[in-house]
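In: The sequence and its predicted three-dimensional model are supplied below.
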Amino acid sequence: MHPTDNPMEESQKLFSQRAITIATFFGGPAAAGYLVKKNYEAYDQADNGKKALFIGIVATFLLFAGIFSLPENILDKIPNPLIPAVYTGIIYLIVEKLQGNRLKAHKESGGEFFSAWKATGIGAVFMVMLLAVIAGAAFISGDFSKPGFDATTYDQGVAAFSENERRSLAVYEVADSAEPQYLIRKFSEGIVLWKQNKEIINKLNAIENLPAELQVQNQRLLKYCDLRMAHNEVIVKAISEDTDRYVSEIDRIGMEINKVLEELDNSGGNQAGFN
């Protein structure tokens with residue numbers, strides 16, 4: 001039987017190739033591996049899904065190991081969007097080879113797909129994980145491993161910030177299926193969490209002898225918090241009013257968020273902390 005002839009498969013929601021590409025750009029190959037895994041699970045091929053996730057994680061490790069091995073003067077010459085654009089293009093071709101025919105058949109048969117919002121949220125979650133891993137590697141291998149500032153307090157702030165971020169982004173996992181009142185409550189709770197994150201960063205800025213690189217990074221994180229709060233506020237308005245007139249504003253703020261995340265991600269090889 002042809003793999004797309006199974007009616008059980010057609011009833012499942014899948015992540016489209018576009019959605020996987022979006023998540024990959026922000027969350028790396030590991031995010032792609034996770035979404036490909038979810039598609040394989042919908043096909044009742046859990047073993048292939050586990051392999052896809054494992055390969056995605058290994059590819060992410062090798063990617064950032066390669067980035068860390070490059071001299072700083074070479075990294076400075078590479079345009080910020082180039083590296084994610086390259087690995088995203090490669091992942092796109094791999095997904096086309098592995099699942100392209102299935103996804104096309106699913107679309108032609110009227111099958112449902114998860115929204116780009118959900119893919120973006122998953123990509124953001126994986127980016128948080130990447131930043132945490134990069135932070136640890138930079139701290140262990142760089143000059144920040146023996147800092148002249150209160151590294152323990154700084155690390156505790158990093159951990160608290162990351163946990164709040166994880167909790168605030170979890171709502172994207174259920175954005176397609178949850179009831180409006182639940183989404184309003186969760187996005188509103190996210191606003192509170194981002195306010196807490198601003199307080200955390202302001203406290204970190206008060207640490208004596210904080211390296212200049214971390215001061216610059218903290219300014220980016222403050223902007224990131226402001227954007228996340230604004231994003232959640234507009235989403236709450238859109239859901240409360242049951243309207244799509246705020247879509248352009250939501251997209252605009254989302255693009256600004258992605259730009260800040262990209263700046264944090266691309267400076268990660270040279271700094272400690274979140275990136």
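Out: That came in fine, so what should we check first? Residues are numbered from 1 along each chain as shown.

In: in the stretch 51-200 of the chain, which spans are helices?
Out: For the stretch 51-200 of the chain, applying DSSP state H, counting those that start in this stretch gives helices covering 72-75, 82-108, 116-141, 151-169, 180-205.

In: Of all the ones you listed, which one comes closest to Leu53?
Out: With Cβ to Cβ as the criterion, Leu53 lies closest to helix 116-141 of the helices of the stretch 51-200 of the chain, at 11.2 Å. For the C-beta atoms, the positions are set from N, CA and C on the backbone; glycine is no exception.

In: Which of the residues in that closest one are classified as buried?
Out: Using 16 or more other Cβ atoms under 10 Å as the burial criterion, the residues of helix 116-141 that qualify are 117-132, 134-135, 137-139.

In: so what's the closest residue to Leu130 other than its chain neighbours up against?
Out: Distances taken as Cβ to Cβ, 6 or more residues apart in numbering place Gly28 nearest to Leu130, at 5.7 Å, with adjacent residues excluded. Applying Cβ atoms under 8 Å, 6 or more residues apart in numbering, we find Gly28 in contact with 56, 60, 63, 84, 87, 126-127, 130.

In: Redo those residues as a markdown table? Include distance to Gln217 and pLDDT.
Out: Below are the contacts of Gly28 laid out as a markdown table (distance: Cβ to Cβ, whole Å; pLDDT from 0 to 100):
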| residue | distance to Gln217 | pLDDT |
| --- | --- | --- |
| Gly56 | 27 | 90 |
| Thr60 | 22 | 86 |
| Leu63 | 21 | 84 |
| Pro84 | 19 | 83 |
| Tyr87 | 23 | 88 |
| Phe126 | 20 | 87 |
| Met127 | 15 | 84 |
| Leu130 | 15 | 78 |
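
In: Next, format those residues as a markdown table and append distance to Arg220.
Out: Shown next, in a markdown table, are those (distance: Cβ to Cβ, whole Å):
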| residue | distance to Arg220 |
| --- | --- |
| Gly56 | 27 |
| Thr60 | 22 |
| Leu63 | 22 |
| Pro84 | 17 |
| Tyr87 | 23 |
| Phe126 | 19 |
| Met127 | 14 |
| Leu130 | 16 |
